[in-house]
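# Test case, fold it:
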Amino acid sequence: MARRVTHTDLPPALAGIEAPAPRRPGRQRRILRPDEYARPAPLPLIQAAPAVIGAPVLHAVAKCRWCGGRFRKMDERHWICTTEQCAERQLAQAMRRAGNDTGPILFLPLPLQIDVDEDPTTNLLVAGAAGVSKSTGCRWNLYRKCRKIAGYRALLLRCTYDQLQKNHLAMMPAELEALGDATYKAQQRVAIFHHEDGNDAMIFAGYCDKPADIAQHVGPEWDSVNLEEGVTLLPKAIEEISAKARGSGTSRVAHERLGLRAGVTRIWSNPGGRAMRYLIQMYINKNPDPEEFPKYDPNEFGHLHCTLEDNPALDASYDQKTLSGLSAARYKQLRYGDWSALAGQFFESFSPEIHLTRSEPA
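Okay, the predicted model is just below:
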């Protein structure tokens, strides 16, 4: 006699399906075939393919000045070194909105910009090619200082007001609003970073084209003097204004608590301009006329050389598309940051060691 099949006898593959109808009294239950059981509804077809993580975007030309490694794009806007140690150093200096330490990165400094910020030299010339992110790096380095040091006082100068407006003032309101702890006073051209103790840090933006403009910048004491495209300024302006970078009274306590020194000058500049010879003598060769500068101390001056390879934000063919129409000397200046290339000089490639000799007085 065949064994009756009950609902509990269903094979595991059919568990959870609808049970067969109960047997009517007086009628013998027929054993159902497997294909007669109710089947679960078929799964819906996949409507979209799952997201695919693409290969990292690597810059074809730019290289990390710390390790020589390549840069990869992060968050579609920032560039970070592919070497873990360098990447962590960049991320440690990243700027985010105030109070949101894990939020989106607003600015990720490049190795060059960090080197400038951490260099202990009192008077430093960032001497390099065009397009190494000097303006942006200068401005965001100041933001980081103002957020960190209460009472900080910084001066940011360009040669003309038009240059100042196009390279800095046009961007500052939106950047400060995004940072969340700073405001911009347009009439005074001042960025104010608010601190809990009320000792706010400030960046004063200005211009200095003529001798008459110098006086408006030499009154206050500055924690840092920042001369952007300094080669376009008058040598006298650089000399007198940088002498006021001796530390402000408003930030002295904060500097001491943090173990930081105040009073530095940072000149960001390409070669080629009315202050070029002055900067070469004072910052690069460090051999000014001892009669004109009898107290000159070469240990207080220096320069950082930078090239297009320091800035991955530039297109890989930037030099070919943008600089190809320049004269040979100007191309060397803007492509390689060559401060020995002088337009109109007798030697096409000038080297002081080769083309100059020191003569002894008779």
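
# for the stretch 1-150 of the chain, what spans make up the strands?
58-63, 70-74, 78-81, 95-96, 105-107, 123-128 (DSSP state E, counting those that start in this stretch).

# what angle separates the second one from strand 58-63?
Note on geometry: by axes from the mean of the first three to the mean of the last three C-alpha atoms, to 10 degrees, strand 70-74 and strand 58-63 are set 130 degrees apart in direction.

# Within the sheet, what are the partner strands of strand 70-74, with directions?
strand 58-63 (antiparallel), strand 78-81 (antiparallel) (DSSP bridges).

# For burial, what's the neighbour tally of residue 295?
Other residues within reach of residue 295, judged by other C-beta atoms under 10 Å, total 5. Quick note: C-beta positions are derived from backbone N, CA and C, even for glycine.

# Please read off the pLDDT at it from the model.
Confidence at residue 295, expressed as pLDDT, is 97.

# Can you tell me the SS state at it?
Look at residue 295: counting by DSSP: H, G, I helix; E, B strand; the rest coil, its state is coil.

# how close does it sit to residue 288?
As judged by C-beta to C-beta, to the nearest Å, residue 295 and residue 288 stand 11 Å apart.

# can you check residue 318 too?
Residue 318 is 35 Å from residue 288, by C-beta to C-beta.

# again with residue 174
41 Å.

# These two: which is more packed in?
Remark: of residue 174 and residue 288, residue 288 carries more neighbours, 17 against 10, as counted by other C-beta under 10 Å.

# isn't the more buried one right next to residue 296, touching?
Yes: assessed by C-beta atoms under 8 Å, residue 288 is found in contact with residue 296 at 5.5 Å.

# anything in contact with each of those two?
residue 282 (C-beta atoms under 8 Å, 6 or more residues apart in numbering).

# how far off strand 123-128 does the longest helix along the chain point, in degrees?
Ordering each helix of the chain by length in residues (DSSP state H) puts helix 134-148 first. Note on geometry: by the same axes, to 10 degrees, helix 134-148 and strand 123-128 are set 140 degrees apart in direction.

# Helix or strand next in line after helix 134-148, which one?
Using DSSP states H and E, the helix or strand that directly follows helix 134-148 along the chain is strand 153-158.

# Which elements pack onto that next one?
Contact analysis of strand 153-158 by 3 or more C-beta pairs under 8 Å, 6 or more residues apart in numbering; DSSP states H and E lists helix 134-148, strand 201-207, strand 224-228 as its packing neighbours.

# For the longest one, buried residues please.
Residues of helix 134-148 classed as buried by neighbour count (16 or more other C-beta atoms under 10 Å): 134-147.

# likewise stretch 299-313?
For stretch 299-313, by 16+ other C-beta under 10 Å, it's 301-313.

# contact partners of that stretch?
Here stretch 299-313 has contacts from 59, 61-63, 65, 71, 79, 110-112, 115-116, 119, 121-129, 131-133, 282-284, 286, 314, 318-319, 335-337, using C-beta under 8 Å, 6+ apart.

# In stretch 261-269, which residues are buried?
Within stretch 261-269, the residues that count as buried by 16+ other C-beta under 10 Å are 262, 263, 264, 265, 266, 267, 268, 269.

# residue ranges of the helices in the stretch 1-150 of the chain, please?
84-92, 111-118, 134-148 (DSSP state H, counting those that start in this stretch).

# Save the ones you listed as a markdown table, and put in distance to residue 275 too.
Formatted as a markdown table, the helices of the stretch 1-150 of the chain follow (distance: least, C-beta to C-beta, whole Å):
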| stretch | distance to residue 275 |
| --- | --- |
| helix 84-92 | 32 |
| helix 111-118 | 19 |
| helix 134-148 | 15 |
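
# got CSV for those helices, with mean pLDDT too?
Output for the helices of the stretch 1-150 of the chain, formatted as CSV (pLDDT from 0 to 100):
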stretch, mean pLDDT
helix 84-92, 97
helix 111-118, 97
helix 134-148, 97
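
# Any regions of the stretch 1-150 of the chain where pLDDT drops low?
Counting by pLDDT under 70, the stretch 1-150 of the chain contains low-confidence residues at 1-54.

# Next, the residue nearest the centre of the chain: phi, psi?
By C-alpha atoms, centre = their mean, the chain has its centre lying nearest to residue 109, at 3.0 Å. Dihedral pair for residue 109: phi -70, psi 150, per degrees, to the nearest 10.
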